[in-house]
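**Q** pasting the structure only:
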């Protein structure tokens, strides 16, 4: 069968939605070589793909000490990163490329290899605005250094590979493919008129992630369970948020599971009814969860909807405000403003989504639309259709 190169942006929100897709491709006989960071090596190898690591840290979503620091660092190493990828796969003749939409050097690699492309969208909300911003070329105060670096690397790449990069850095993060996989349904999508026929709504690719099950599940038995997670990128958004959580749910009759990824909570006296972990086995944990509080990342929303769990959204950035708004518009959640949040407001919202059956009813309607979209099996069908159109017969 076909040989597939996968270039992922090494962040949970980009990698996790693709694991089921890659697993299904491998089951269908495709040979997948998947580039990411070592943090995801075990997960990726469990899908049956061959893992390879980038020469540099490619996590463009990592929050740096100064604005644009991750992208600036990646741009300075662009020639090394591109050359290393091409060197690692120089003996392989690929049939097509799958890539995160935000993988910045997609255009270069696809041009050199001359193969069709499939874009994997970790974000779909707000793409119209993002596309408009990507066309702006004015230099804003504070961005002079990174814009100069981009100008220099653009010239070098054009000279070396004959590829013209987008006019602005934002364009590096908006790489459409011959087809574009969107991990939601048309019902849940925002600004549906933006998406042309190349966008394939395949729904959330529900997949057994084979998680580490080291967790005290026995403490959840017979208790009301609240699950709180702000994700892996925004966990350190504000320690004041955790103070609100602790004050809101200091109740011995309730167990609160708090996923606090790389968050230092030592300043707090954590209530005894809280179970705080850097990592939790979310898929299994949701079987015990009665209600959740989420930052409204798409992967989190998809998991909650799939498990029919009412939730309160506290969007913190990126596409989260749009996703939280959409969930609220569909009657599936309550979205709260992080700037005006208080223990009483949070308590009231949690009680409302938990006790008003309309929230669960609307969650089930959304989940039906997710299931009808087809999941990763539908994604594979779309990829194989592209193969046929491109004359790839293996």
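**A** It's in. Because the structure is predicted, anything quoted here is derived from the model rather than measured.
**Q** from here on, contacts and neighbour counts on C-alpha atoms
**A** Fine.
**Q** who does the helix or strand encompassing residue 377 touch, helix- and strand-wise?
**A** Element membership for residue 377, per DSSP states H and E: helix 375-389. Judged by 3 or more CA pairs under 8 Å, 6 or more residues apart in numbering; DSSP states H and E, helix 375-389 is in contact with helix 12-27, strand 179-182.
**Q** report the buried residues of it.
**A** 375-380, 382-384, 386-387 (16 or more other CA atoms under 10 Å).
**Q** again, but for stretch 307-318
**A** In terms of neighbour count (16+ other CA under 10 Å), stretch 307-318 has its buried residues at 307-316.
**Q** quick one: contacts of the helix holding residue 377?
**A** Contact partners of helix 375-389, identified using CA atoms under 8 Å, 6 or more residues apart in numbering, comprise 20-21, 24-25, 118, 178-179, 181, 183, 200, 202-206, 393.
**Q** buried members of those residues into PyMOL, please.
**A** Listed next is the PyMOL selection for buried residues among the contacts of helix 375-389, using 16+ other CA under 10 Å:
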select buried, resi 20+21+24+25+118+179+181+183+200+202+203+204+205+206
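**Q** over to stretch 172-182 now: how far is its first residue from its last?
**A** One end of stretch 172-182 sits 19 Å from the other (CA to CA, to the nearest Å).
**Q** so which residues make contact with it?
**A** The contact list for stretch 172-182 (CA under 8 Å, 6+ apart) reads 100-107, 116-122, 124, 131, 134, 165-166, 198-203, 379, 383, 386.
**Q** quick one: contacts of stretch 19-26?
**A** By CA under 8 Å, 6+ apart, the list of residues contacting stretch 19-26 reads 31-32, 43-44, 47-49, 205-209, 376-377, 379-380.
**Q** closest to residue 84 among the residues you listed?
**A** Nearest to residue 84 among those is residue 32, at 17.9 Å by CA to CA.
**Q** which SS class is the closest one?
**A** strand (DSSP: H, G, I helix; E, B strand; the rest coil).
**Q** tell me the contacts of it?
**A** Per CA under 8 Å, 6+ apart, neighbours of residue 32: 3-6, 22, 25-26, 48-50.
**Q** between those residues, which is closest to residue 345?
**A** Using CA to CA, residue 22 is the member of the contacts of residue 32 that lies nearest residue 345, at 41.7 Å.
**Q** number of residues surrounding that closest one?
**A** Close neighbours of residue 22, defined as other CA atoms under 10 Å, add up to 26.
**Q** ok, it to residue 248 distance?
**A** 41 Å.
**Q** likewise for residue 193?
**A** Counting by CA to CA, the gap from residue 193 to residue 248 is 40 Å.
**Q** tell me which of those two has more neighbours.
**A** The neighbour comparison of residue 193 against residue 248 (other CA under 10 Å) goes to residue 248, with 16 against 8.
**Q** the more buried one contacts residue 345, correct?
**A** No: the criterion here is CA atoms under 8 Å, and residue 248 misses it with residue 345 at 9.1 Å.
**Q** which strands and helices sit next to the helix or strand hosting residue 299?
**A** Residue 299 is part of helix 298-306 when elements are defined by DSSP H and E. Judged by 3+ CA pairs under 8 Å, 6+ apart, the packing partners of helix 298-306 are helix 12-27, strand 291-294, helix 357-373.
**Q** kindly reformat these as JSON lines containing distance to residue 221.
**A** Output for the helices and strands packed on helix 298-306, formatted as JSON lines (distance: least, CA to CA, whole Å):
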{"stretch": "helix 12-27", "distance to residue 221": "28"}
{"stretch": "strand 291-294", "distance to residue 221": "15"}
{"stretch": "helix 357-373", "distance to residue 221": "22"}
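**Q** out of those, which one sits most buried?
**A** Most buried of those, by mean neighbour count (mean count of other CA atoms under 10 Å): strand 291-294, with a mean of 23.
**Q** what comes up buried for the helix or strand hosting residue 225?
**A** Element membership for residue 225 (DSSP H and E) is strand 224-229. Buried residues in strand 224-229, defined by neighbour count with 16+ other CA under 10 Å: 225-229.
**Q** what is the neighbour count of the nearest residue to residue 1 once chain neighbours are set aside?
**A** Of all residues not flanking residue 1 in the chain, residue 394 sits nearest, at 4.5 Å (CA to CA, 6 or more residues apart in numbering). Number of residues near residue 394 (other CA under 10 Å) recorded here: 11.
**Q** distance of residue 394 from residue 34?
**A** Counting by CA to CA - residue 394 and residue 34 are separated by 19 Å.
**Q** and if you look at residue 24?
**A** Taking CA to CA, one finds residue 24 at 14 Å from residue 34.
**Q** ok so, going back, a markdown table for the helices and strands packed on helix 375-389, including mean pLDDT and distance to residue 188?
**A** Below are the helices and strands packed on helix 375-389 laid out as a markdown table (pLDDT from 0 to 100; distance: least, CA to CA, whole Å):
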| stretch | mean pLDDT | distance to residue 188 |
| --- | --- | --- |
| helix 12-27 | 92 | 16 |
| strand 179-182 | 97 | 11 |
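**Q** any chance of the ones you listed in CSV, plus distance to residue 341?
**A** Compiled in CSV, the helices and strands packed on helix 375-389 are given as follows (distance: least, CA to CA, whole Å):
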stretch, distance to residue 341
helix 12-27, 25
strand 179-182, 32
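**Q** which stretches in the stretch 101-250 of the chain count as helices?
**A** According to DSSP state H, counting those that start in this stretch, the stretch 101-250 of the chain carries its helices in the segments 106-113, 127-134, 144-161, 239-248.
**Q** Provide the contact partners of the helix or strand bottoming out on mean pLDDT in the chain at residue level.
**A** Sorted by mean pLDDT, DSSP states H and E, the helices and strands of the chain end with helix 127-134, the least confident at a mean of 78. Contact partners of helix 127-134, identified using CA under 8 Å, 6+ apart, comprise 167-171, 174, 194.
**Q** apply 7 Å and report the result again.
**A** For helix 127-134, the external contacting residues (CA atoms under 7 Å, 6 or more residues apart in numbering) are 168, 170-171, 194.
**Q** and these, which of them are buried?
**A** Buried members of these, scored by 16+ other CA under 10 Å, are 168, 170-171.
**Q** one step back: how far away is the residue nearest to residue 1 from residue 95?
**A** With distances taken as CA to CA, residue 394 is found 9 Å from residue 95.
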